[in-house]
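Novice: Give me a 3D structure for the following:
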Amino acid sequence: MFDVIRIPAFKDNYIWLLRKGATATVVDPGDASPVLEVLEREGLSLTAILITHHHADHQGGVASLLARHPAEVFGPAAESITGISQPLRDGATVRITSCDVEFQVIEVPGHTRGHIAYYGSGCLFCGDTLFSGGCGRLFEGTAAQMAASLARLSELPDETAVYCAHEYTAANLRFALAVEPGNRRLQDRVNAVAAARAKGWATVPSTIELEKASNPFLRCDQPEVAAAARRRAPDARDEVAVFAVLREWKNSF
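Specialist: Predicted coordinates:
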């Protein structure tokens, strides 16, 4: 099994580095500099790069990394990203021999049209689709696409570790509490996250089980969540419509 190293980047991004022995794989390296620092400090050779989508803060460091490390670059076939050597579509399998891991590729459109996630060895690297306590904005896809993408991810085993790409948990949970104030698991999570952030600790990864229990975007079938959406849009009668109301509400929360 590989170790996962969290590499902070920009204001609130996380780049994930998978280490096994003297080799490494990185996920969504928007900035090469902090990755190169870790590689040099730990004496690691970069063998693979996994990209979830085309936004610059997720793939902007690829060229600089390739200039120093001849790595394979995996990414979504449906998006134009310079440097990808292995374009991927839904259902593909990515075998990273150096880390002894096999990832299943899951297409999760919504944030962008071609966004993909990687699932393997009990870990989900989901970019900007599922966040800890929230979900990504709909920059290119539709509410129906994002709701379907989140539903697919929620079907993964409960113990799956969710490695999203931003430290947004505290803000996401403030919104979640406005939507579903009666959720005891959510209340407990809000308190735990506040205590962690006060100590400067990260709140990622979470788990699929925790997200299903406290993330409103995975709970559009719950009466209190649906009622909160319908107070804003009385015609939100199905789960996709509830999701759309929540996502628009969160945009201006």
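
Novice: I'd like the average pLDDT over stretch 81-101.
Specialist: For stretch 81-101, mean pLDDT rounds to 94.

Novice: what's the offset of it from the middle of its chain?
Specialist: Distance of stretch 81-101 from its chain centroid, counting by Cα atoms, centre = their mean, to the nearest Å, is 17 Å.

Novice: Next: stretch 208-227.
Specialist: Worked out by Cα atoms, centre = their mean, stretch 208-227 lies 17 Å from the chain centre.

Novice: for it, how far is the first residue from the last?
Specialist: Chord length of stretch 208-227, first to last residue, is 24 Å (Cα to Cα, to the nearest Å).

Novice: What residues sit buried inside it?
Specialist: 208-211, 213-220, 222, 225-226 (16 or more other Cβ atoms under 10 Å). To be clear about C-beta, it is placed using only N, CA and C from the backbone, and glycine gets the same treatment.

Novice: buried residues in stretch 128-137?
Specialist: Residues of stretch 128-137 classed as buried by neighbour count (16+ other Cβ under 10 Å): 128, 129, 130, 131, 132, 133, 134, 135, 136.

Novice: Dump the C-alpha coordinates for that stretch into CSV.
Specialist: Only the C-alpha atoms of stretch 128-137 are listed here, as CSV (Å, rounded to 0.1, in the frame of the first residue of the first chain):
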residue,chain,number,x,y,z
ASP,A,128,-13.5,19.3,-7.6
THR,A,129,-16.6,17.1,-7.9
LEU,A,130,-17.3,15.9,-4.3
PHE,A,131,-15.9,18.1,-1.6
SER,A,132,-15.7,17.5,2.1
GLY,A,133,-19.1,18.7,3.1
GLY,A,134,-20.0,20.1,-0.4
CYS,A,135,-19.5,19.8,-4.1
GLY,A,136,-18.0,21.8,-7.0
ARG,A,137,-19.6,24.6,-8.8
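
Novice: Please work out the average pLDDT along that stretch.
Specialist: 98.

Novice: what's the spacing between it and its chain's center?
Specialist: Relative to the centre of its chain, stretch 128-137 is centred 6 Å away, using Cα atoms, centre = their mean.

Novice: for stretch 217-234, how far is the first residue from the last?
Specialist: Taking Cα to Cα, stretch 217-234 runs 18 Å from one end to the other.
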